[in-house]
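# What follows is a protein structure lacking sequence information:
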Ligand SMILES: [Zn+2]
């Protein structure tokens with residue numbers, strides 16, 4: 001079973017959850033086509049927020065949407081940012097796990113792969129880039145680990161090697 005990620009971000013953002021997920025379910029290539037048609041025509045590369053819900057379905061929302069709002073406050077299998085290219089047909093070109101609301105591990109890629117397996121997509125070997133999140137055990141700051149530097153950006157405390165949310 002893939003890990004389910006609960007929301008770990010600030011409470012004030014959680015309070016913006018209105019109820020139902022605001023993300024658009026993308027199950028088939030026709031869903032992706034319809035979603036692209038709702039986006040500004042000036043954008044050839046469309047950046048968006050995504051989550052994979054607990055049923056394994058990809059949901060897309062406008063860029064800068066909060067992941068937890070996209071997910072309706074629920075836990076997710078994956079979350080991050082995606083780029084959809086306006087081709088014929090539209091296709092998914094790039095995906096990251098950048099979500100400080102859920103801090104998903106790089107291996108949530110497997111859930112992403114399952115969710116998009118029937119959708120048009122570029123050749124992707126994984127998240128690009130893949131983010132490693134850790135919470136500081138001393139000051140609780142959420143850190144993005146860069147260059148294997150496991151040190152809190154706020155207090156300098158050593159961050160654990162294991163995912164800790
Ligand atoms: Zn710290």
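All right, it came through fine. Just so it is clear, the structure is predicted and the values come from calculations on it, not from any experiment.
# hang on, residue 155 packs against residue 137?
No - here residue 155 does not reach residue 137: they are 10.0 Å apart, not a contact under Cβ atoms under 8 Å. Every residue, glycine included, has its C-beta placed from N, CA and C.
# Report the set of residues contacting both of these two.
Both residue 155 and residue 137 lack any common contact, where contact means Cβ atoms under 8 Å, 6 or more residues apart in numbering.
# Helix, strand, or coil at the nearest residue to residue 99 once chain neighbours are set aside?
Excluding its sequence neighbours, the residue lying closest to residue 99 (Cβ to Cβ, 6 or more residues apart in numbering) is residue 79, at 3.8 Å. What DSSP: H, G, I helix; E, B strand; the rest coil gives for residue 79 is strand.
# Residue 79: neighbouring residues, count only.
Look at residue 79: counted by other Cβ atoms under 10 Å, it has 29 neighbours.
# Which strand residues bridge it?
residue 51 (DSSP bridges).
# now it: how far from the ion?
Going from residue 79 to the ion by Cβ to the ion, to the nearest Å gives 23 Å.
# swap in residue 164?
From residue 164 over to the ion (counting by Cβ to the ion), the distance is 12 Å.
# can you check residue 49 too?
27 Å.
# What residues of the strand or helix carrying that residue count as buried?
Here residue 49, judged by DSSP states H and E, is contained in strand 45-52. Neighbour counts using 16 or more other Cβ atoms under 10 Å place 46, 48-52 of strand 45-52 among the buried residues.
# Stretch 50-67 now?
Of all the residues in stretch 50-67, those buried under the rule 16+ other Cβ under 10 Å are 50-53, 57-61, 65-67.
# and the residue lying closest to residue 44 once chain neighbours are set aside, what does it touch?
Among residues not flanking residue 44 along the chain, residue 86 sits closest, at 5.1 Å (Cβ to Cβ, 6+ apart). Contact analysis of residue 86 by Cβ under 8 Å, 6+ apart lists 36, 43-46.
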